[in-house]
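1. Sequence and predicted structure are below.
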Amino acid sequence: MGFTEAVRTVFKEKYATFSGRASRSEYWWSYLFYFLAMIAFVVVVSGVLAASVAGSGSSSLMIAVTVIGGLVVLGTFLPAVGVQVRRFHDRNISGWWYLALFIVSMIPYIGIIAGITILVISMLPGTEGPNKFGPDPLRPEARAEVFA
């Protein structure tokens with residue numbers, strides 16, 4: 001799965017889907033998109049902030065950028081969590097474990113271990129063949145249909 005196909009899958013086809021499985025390529029390409037979008041947003045905010053500090057009186061522009069940024073975060077939250085849960089499913093691990101690790105990651109010092117655990121699970125290859133969460137996204141079953 002390539003970059004554009006992964007972004008299309010995460011944002012259009014499986015926007016808030018928490019069932020099924022996600023391959024490593026789908027997961028990592030979508031997170032590369034999030035990272036690049038975050039960099040673009042930081043560049044825009046930095047430019048607006050520099051303009052407002054220079055005294056050009058663009059505080060309303062800063063408010064607009066902040067509101068738009070908040071809407072973007074809200075709009076990308078569900079797809080990000082959905083692809084993470086589907087990645088856990090690809091390893092044959094329940095998505096509830098992601099929720100538990102996410103909550104534990106809020107605890108100082110212990111949260112580092114939880115974050116590393118999420119990262120390692122995301123990096124490991126998925127289980128081969130179908131598991132309890134669905135068919136293998138990389139090796140779909142060959143379906144031979146015989147018409148009599």
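-> That came through, no problem.

2. going forward, measure contacts between C-alpha atoms and count neighbours the same way
-> Will do.

3. How about the longest helix seen in the chain, which residues are buried there?
-> As assigned by DSSP state H, the longest helix anywhere in the chain is helix 59-90. The neighbour-count check on helix 59-90 (16 or more other CA atoms under 10 Å) flags 62, 65, 69, 76, 78-90 as buried.

4. which secondary structure elements does it contact?
-> helix 24-53, helix 95-104, helix 110-123 (3 or more CA pairs under 8 Å, 6 or more residues apart in numbering; DSSP states H and E).

5. Need those helices in TSV (columns: distance to K132 and mean pLDDT).
-> Formatted as TSV, the helices and strands packed on helix 59-90 follow (distance: least, CA to CA, whole Å; pLDDT from 0 to 100):
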stretch	distance to K132	mean pLDDT
helix 24-53	18	86
helix 95-104	12	94
helix 110-123	17	93
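
6. Distance check, the spatially most central residue of the chain against M62.
-> Of all residues in the chain, the one closest to the mean position by CA atoms, centre = their mean is A80, 2.8 Å from it. Distance of A80 to M62, computed by CA to CA, to the nearest Å: 26 Å.

7. Then Y31?
-> To M62, Y31 is 26 Å away according to CA to CA.

8. do the same with T9
-> Distance from T9 to M62, by CA to CA: 32 Å.
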